[in-house]
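**Student:** build me a model:
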Amino acid sequence: MEHAKSGLAILGIGTALPPYRLDQADTGRRLVEALGDKPDAARWARRIFKQCGVESRYTCEPNLLAEASECVYFPLGTGGEAPSTEERMAVYKREAVPLGLRAARQALADAGTDAASITHLITVSCTGQFLPGMDAAIIRQLELAPNVTRIPLTFIGCAAGLKAICLAKRLLAGNPDTKALIVCVELCTLHIQPAGDRDSLFGASFFGDGASACVVGEARETRQSVFYLGDDHSVLLAEGAGEMVWEVGNYGFDLYLSPVIPRLIGESIPAEVERLCGSGKPELWAIHPGGKGIIEVLQLKYGLTDGQIAPSLDVLREIGNVSSATILFVLQRMRERLEDEGSEGAGGIALAFGPGLTAEIIKIAYAPPAVRKPQPADNAYA
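**Tutor:** As a prediction, this is how the structure comes out:
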């Protein structure tokens with residue numbers, strides 16, 4: 001393996017959650033109550049809420065904490081018509097920018113970078129849209145340069161956060177004075193459907209709201225822990241085109257997630273990881289927790305220890321799947337663990353999956369504070 005030919009790294013990470021916490025057991029109880037006249041659906045909801053690996057999530061919508069009879073997002077609890085897509089997008093427009101700004105400011109502070117040094121802004125979201133977009137609002141409120149290169153990545157799904165990191169690395173390569181700010185905001189709970197079908201209940205069981213951000217740039221001598229970025233690999237898998245579907249409906253976005261997705265990932269991803277990394281096994285595994293089954297199938301395929309998958313499972317348990325924003329929560333948690341363990345450096349990969357099925361994979365190398373970038377070595381992953 002070769003180290004990255006540049007010193008591009010994730011210099012700082014920021015995350016933000018909305019104020020309303022959804023306790024999984026309580027949410028499941030209220031949803032089962034709302035499905036009182038649909039016993040089969042209620043049994044399914046009870047089971048999936050217990051088995052999906054989530055204990056809590058966060059939402060920007062306080063009505064989702066209401067009892068079943070008063071929650072407009074629950075079956076039989078609307079007391080009238082459920083919120084339209086227009087109404088949900090109005091909430092998205094109001095809530096997305098402040099949440100993204102919190103994460104962005106934290107990332108800039110974590111990187112020790114001022115806003116004036118940002119040359120590229122990549123904004124990411126698949127749970128809402130408006131114009132002028134989130135990118136324009138962030139430029140004005142963070143006082144970024146008005147001529148900053150701005151790239152909105154919209155409607156790409158869970159893989160988009162890692163796609164943005166890979167894109168930033170390519171845009172900045174060979175330009176040591178450039179820095180990219182990536183801001184991911186997803187308000188997934190706005191699309192919970194007032195329906196009792198299995199697809200709707202599955203999607204309602206583990207998606208949450210949140211924002212994450214990072215600064216990507218040249219790291220010569222690190223003042224803090226960083227993740228160096230190495231080669232990346234993006235692939236549209238041969239199977240799975242209809243297994244993850246996200247469409248605009250009259251009452252929010254309609255999500256379909258097939259139960260065969262973990263199996264397809266388990267069958268297809270090993271060959272893609274080998275194309276990027278060769279036959280060696282990475283030490284670090286920053287896995288986007290698109291579901292508990294995805295993490296478990298990769299653990300089984302690669303014989304990963306519980307410690308290797310802990311950052312992904314911890315994030316899933318504490319905040320659920322926050323779509324594109326989740327991978328930076330995982331990297332933040334992984335960095336904290338490595339710092340606590342006193343790691344002197346470790347290599348591995350980050351990977352995420354999205355509709356298509358698509359996979360994004362990139363080599364990463366953790367370096368603690370005041371450690372210069374290591375020289376190329378055959379066993380390195382970035």
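
**Student:** can we go C-alpha only for contacts and neighbour counts from here?
**Tutor:** Fine.

**Student:** count of residues packed around residue 25?
**Tutor:** A count of nearby residues for residue 25, using other C-alpha atoms under 10 Å, gives 15.

**Student:** that one is in contact with residue 49, isn't it?
**Tutor:** Yes. At 7.5 Å, residue 25 and residue 49 qualify as touching, with contact defined as C-alpha atoms under 8 Å.

**Student:** show me where the stretch 51-200 of the chain has its strands.
**Tutor:** Ranges of strands within the stretch 51-200 of the chain are 56-59, 120-125, 149-154, 179-187, based on DSSP state E, counting those that start in this stretch.

**Student:** alpha carbons only: can I get the third one in CSV?
**Tutor:** Translated: strand 149-154. Taking Å, rounded to 0.1, in the frame of the first residue of the first chain, the C-alpha atoms of strand 149-154 are listed here in CSV:
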residue,chain,number,x,y,z
THR,A,149,-16.1,27.7,-5.0
ARG,A,150,-19.5,26.2,-3.9
ILE,A,151,-20.7,22.8,-4.8
PRO,A,152,-24.1,21.5,-3.6
LEU,A,153,-24.5,17.7,-3.5
THR,A,154,-28.2,17.0,-3.3
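
**Student:** buried residues, it. List them.
**Tutor:** The neighbour-count check on strand 149-154 (16 or more other C-alpha atoms under 10 Å) flags 150-153 as buried.

**Student:** so which elements touch it?
**Tutor:** strand 120-125, helix 134-142 (3 or more C-alpha pairs under 8 Å, 6 or more residues apart in numbering; DSSP states H and E).

**Student:** try it again at 7 Å.
**Tutor:** In this structure, strand 149-154 packs against strand 120-125, with contacts taken as 3 or more C-alpha pairs under 7 Å, 6 or more residues apart in numbering; DSSP states H and E.

**Student:** what ranges in the protein fall below the confidence cut-off?
**Tutor:** Residue ranges of the chain with pLDDT under 70: 1-6, 76-80, 221-222, 370-382.

**Student:** now do 50
**Tutor:** Within the chain, the stretches with pLDDT under 50 are 1-6, 372, 374-382.

**Student:** quick one: buried residues of stretch 235-245?
**Tutor:** Of the residues in stretch 235-245, 237, 240, 243-245 count as buried by neighbour count, 16+ other C-alpha under 10 Å.

**Student:** nearest to residue 365 among these?
**Tutor:** Among the buried residues of stretch 235-245, residue 237 lies closest to residue 365 (C-alpha to C-alpha), at 25.9 Å.

**Student:** ok, residue 241 to residue 264 distance?
**Tutor:** Distance from residue 241 to residue 264, counting by C-alpha to C-alpha, to the nearest Å: 11 Å.

**Student:** same deal with residue 369?
**Tutor:** Distance from residue 369 to residue 264, by C-alpha to C-alpha: 39 Å.

**Student:** cool, residue 287 as well?
**Tutor:** Taken as C-alpha to C-alpha, the span from residue 287 to residue 264 is 16 Å.

**Student:** which one's more surrounded, the two?
**Tutor:** Just comparing residue 287 and residue 264: by other C-alpha under 10 Å the higher neighbour count belongs to residue 287, 25 against 18.

**Student:** any idea how far residue 313 is from that one?
**Tutor:** Counting by C-alpha to C-alpha, the gap from residue 287 to residue 313 is 9 Å.

**Student:** can you get me a residue count around residue 51?
**Tutor:** Residue 51 has 12 nearby residues by other C-alpha under 10 Å.

**Student:** revised request: answer the last question for residue 358.
**Tutor:** Applying other C-alpha under 10 Å, I find that residue 358 has 22 neighbouring residues.

**Student:** same question for the one 10 residues further on.
**Tutor:** With neighbours defined by other C-alpha under 10 Å, the count for residue 368 comes to 21.

**Student:** test my guess that it contacts residue 227.
**Tutor:** No. Using C-alpha atoms under 7 Å, residue 368 is not in contact with residue 227; the gap is 8.9 Å.

**Student:** quickly find the element holding residue 235.
**Tutor:** Per DSSP states H and E, residue 235 falls inside strand 226-236.

**Student:** er, residue 308 actually
**Tutor:** Per DSSP H and E: helix 306-319 holds residue 308.

**Student:** packing partners of that helix?
**Tutor:** Helices and strands touching helix 306-319, by 3+ C-alpha pairs under 7 Å, 6+ apart, are strand 56-59, strand 284-287, helix 326-341.

**Student:** what sits up against that helix?
**Tutor:** 53-58, 208, 284-289, 329-330, 333-334 (C-alpha atoms under 7 Å, 6 or more residues apart in numbering).

**Student:** quick one on the thing from earlier: list residues touching both of residue 287 and residue 313?
**Tutor:** Residues touching both residue 287 and residue 313 (C-alpha under 7 Å, 6+ apart): there are none.

**Student:** let me see the contact set for the spatially most central residue of the chain.
**Tutor:** The centroid of the chain falls nearest to residue 326 when counting by C-alpha atoms, centre = their mean (2.3 Å). Applying C-alpha under 7 Å, 6+ apart, we find residue 326 in contact with residue 288.

**Student:** and what of residue 129?
**Tutor:** Applying C-alpha under 7 Å, 6+ apart to residue 129 gives no contacts.

**Student:** for residue 30, same thing?
**Tutor:** Per C-alpha under 7 Å, 6+ apart, neighbours of residue 30: 67-68.

**Student:** change it to 10 Å
**Tutor:** Residues near residue 30 by C-alpha atoms under 10 Å, 6 or more residues apart in numbering: 24, 64-69, 71, 74, 77.

**Student:** where does it sit, in terms of helix or strand?
**Tutor:** For residue 30, the host element (DSSP H and E) is helix 24-34.
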